[in-house]
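Visitor: Build me a model from this:
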Amino acid sequence: MNIKQDLPWDNPRFRNWVAVARACHVVERSLAVKLAPLDLKPAQLDVLMNLYRHPGMSQHDLARKLLVGRSNITMLLPQLETRALLRREGDEKDKRVLRLTLTNEGEALLMQALKIHMTLIEKAMSQSTPEQCDLIGEQMRKIYEVLKDA
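Guide: Numbers count the residues shown, from 1 in each chain. Okay, here's the model as predicted:
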């Protein structure tokens, strides 16, 4: 048996998957660098974006939406709360649940961060036509659906 035949280097699926992973990594790294002047990390930006879109979301729902464990959210929230970017308030119907909302300061910081994020996205996607962007998104959603429960 020729071991080299079993290696994935020439497999287009492997080669293209590596390209996707590398692109994802460089975007995350670039975003982290560009958000640093705002003293904001990409994970914190994800929290702010989700709370803006879904005010009153529970910590559990936020963790599920971000595909992270509740312990990750539990570590992120105090940092944002200390900076007065969000509030945690008890749910009137279920005292065990904490509802999360952005403060005015949190919303203002989010708007600054979104400008940075959108500039980066525009730069990353500028070489693609709108049709190509749609195809990329469609394929990434398919990959998500196949692997989300893994």
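Visitor: Could you tell me the average pLDDT over stretch 95-110, please?
Guide: In this model, stretch 95-110 has a mean pLDDT of 94.
Visitor: contacts for that stretch?
Guide: Identification of contacts with stretch 95-110 by Cβ atoms under 8 Å, 6 or more residues apart in numbering yields 38, 40, 45, 48-49, 51-52, 55-60, 62, 77, 80, 83-91. (C-beta placed from N, C-alpha, C; glycine too.)
Visitor: What is the end-to-end distance of it?
Guide: 29 Å (Cα to Cα, to the nearest Å).
Visitor: For it, buried residues please.
Guide: Neighbour-count burial for stretch 95-110 flags Leu98, Arg99, Leu100, Thr101, Leu102, Thr103, Gly106, Glu107, Leu109, Leu110 (criterion: 16 or more other Cβ atoms under 10 Å).
Visitor: Am I right that the second one is in a strand?
Guide: Which is Arg99. Yes. Counting by DSSP: H, G, I helix; E, B strand; the rest coil, Arg99 is located in a strand.
Visitor: measure it to Leu67 for me?
Guide: 21 Å (Cβ to Cβ, to the nearest Å).
Visitor: circling back to that earlier point, in strands, which of the contacts of stretch 95-110 appear?
Guide: The members of the contacts of stretch 95-110 that map onto strands under DSSP state E are Met57, Ser58, Leu86, Arg87, Arg88, Glu89, Gly90.
Visitor: burial of the fourth one, as a residue count?
Guide: Counted with other Cβ atoms under 10 Å, residues neighbouring Arg87 total 15.
Visitor: That one against Glu81, yeah?
Guide: Yes. Using Cβ atoms under 8 Å, Arg87 is in contact with Glu81, at 7.2 Å.
Visitor: Buried only: go through the contacts of stretch 95-110 for me.
Guide: 40, 45, 48-49, 51, 57-59, 62, 77, 80, 85-86.
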